[in-house]
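> kindly return the folded structure for what I paste below:
(chains A, B, C and D)
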2 protein chains.
Amino acid sequence: MAQRKDQILDVAARVFSERGYKGASMQNLAEGLGILRGSIYAHIASKEDLLFDIVDSGADRFIFRLGQVTGSAPMKLRAAFTAHIETIAEHLEASTVFLNDWRFLSADRKRIIETKRRAYEKMIEDIIEEGIAQRHFRSDLDP
Amino acid sequence: MAQRKDQILDVAARVFSERGYKGASMQNLAEGLGILRGSIYAHIASKEDLLFDIVDSGADRFIFRLGQVTGSAPMKLRAAFTAHIETIAEHLEASTVFLNDWRFLSADRKRIIETKRRAYEKMIEDIIEEGIAQRHFRSDLDP
DNA sequence: CTACTAACCAAACGATTGTTTGGTAAACTG
DNA sequence: CAGTTTACCAAACAATCGTTTGGTTAGTAG
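Below you'll find the predicted structure:
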């Protein structure tokens, strides 16, 4: 029963990435799904919910993949870069929406994404600080 | 008499860069100008004209600044980078609109911008090829 | 004083926006 | 079989969109 919603999210990610969130209408989504635009509301509550779902699960993906890196600080830093690029490449449409359209979220939801973004940057900063502490990286620069 | 239009273009560049072309309404522009949204049409023909004006004159600026660089190929290449960044920095709002919103132009106008963009890249390519011919740059790589 | 122009308002235009409502088939569940 | 759920349509909703129209004011030029 939730699989139709996943289809909608897929189409939304594609259409939003192609036309931008503000440039995409529910009509555009409906055409991609082969139904009428009103029918979409049997599965979702609002257009912005779709945007938030795409952006939020995108943020989670970045954090999850970064959380999986292991090894020494230099190894983790390399793996972090690879994970970041791979996450983008494997979900290019969602990443495009994440990058371009997260500013159109409501203030509350924007704050949620900002918090996750800061957490992500903190994880990378921690890797760098670990590398400095273990004398693998230069210590004369701000992490 | 054309100075009011320049004001409108200024406000449009600011509002478009803040909210995106599709996210910005004529109402938003009118508020920035202190007039009613219908009154804008005493000075312009359409919203898209504003976008094209901003994007097209932005493209011209990049080309003009790049056309001014002189010296040896390595000097020109350095100066080209500096000119590019300075052009962005000195017109950040217009550059933001250029980068994010040129895709919303009509097909005809998109082609005009694409042509100017290709010309710009060709100018840089020529500098690199000159440097290769004069043995300043490596010759084993594609320009 | 007249003619003209620039700048704007007030009001409306049709079209499209996101969203809601009530109803209807088909498929699944007990 | 009856009852419920899933998925959708058809039609409407108020709001906003970009744009047009006709008229008004102030200032400039002859």
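
> every contact and neighbour count from this point should use C-alpha atoms.
Fine.

> which residues of chain A lie near DNA strand C?
Residues of chain A lying close to DNA strand C (CA under 7 Å from any atom of the strand) are A:22, A:24-27, A:37-39, A:41, A:45-48.

> now the longest helix seen in chain A: average pLDDT?
Assignment by DSSP state H gives helix A:107-133 as the longest helix of chain A. Average pLDDT, helix A:107-133: 97.

> could you do stretch A:52-63 as well?
98.

> what comes up buried for it?
Neighbour-count burial for stretch A:52-63, counted by 16 or more other CA atoms under 10 Å in any protein chain shown, picks out A:52, A:54-56, A:58-59, A:61-63.

> coming back round to it: now render the residues of chain A next to DNA strand C as TSV, adding pLDDT, secondary structure and distance to A:Ser72.
As requested, the residues of chain A next to DNA strand C are arranged in TSV below (pLDDT from 0 to 100; DSSP: H, G, I helix; E, B strand; the rest coil; distance: CA to CA, whole Å):
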residue	pLDDT	secondary structure	distance to A:Ser72
A:Lys22	98	coil	44
A:Ala24	98	coil	45
A:Ser25	97	coil	48
A:Met26	97	helix	48
A:Gln27	97	helix	50
A:Arg37	95	helix	52
A:Gly38	92	helix	53
A:Ser39	94	helix	52
A:Tyr41	96	helix	49
A:Ala45	94	coil	45
A:Ser46	96	coil	45
A:Lys47	97	helix	44
A:Glu48	97	helix	41
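
> farthest-apart pair in those, please.
By the measure CA to CA, A:Lys22 and A:Ser39 form the most distant pair in the residues of chain A next to DNA strand C, at 20.1 Å.

> what about the residue most central in space within chain A, is that helix, strand or coil?
Closest to where the C-alpha atoms of chain A average out (CA atoms, centre = their mean) is A:Gly58, at 2.4 Å. Here A:Gly58 is recorded as helix under DSSP: H, G, I helix; E, B strand; the rest coil.

> assess the claim that it and A:Thr96 are in contact.
No: using CA atoms under 8 Å, A:Gly58 makes no contact with A:Thr96, being 10.0 Å away.

> contacts made by stretch A:73-86 with the rest, please.
Applying CA atoms under 8 Å, 6 or more residues apart in numbering or on different chains, the contact partners of stretch A:73-86 are A:62, A:65-66, A:69-70, A:124, A:127-128, A:130-131, A:136.
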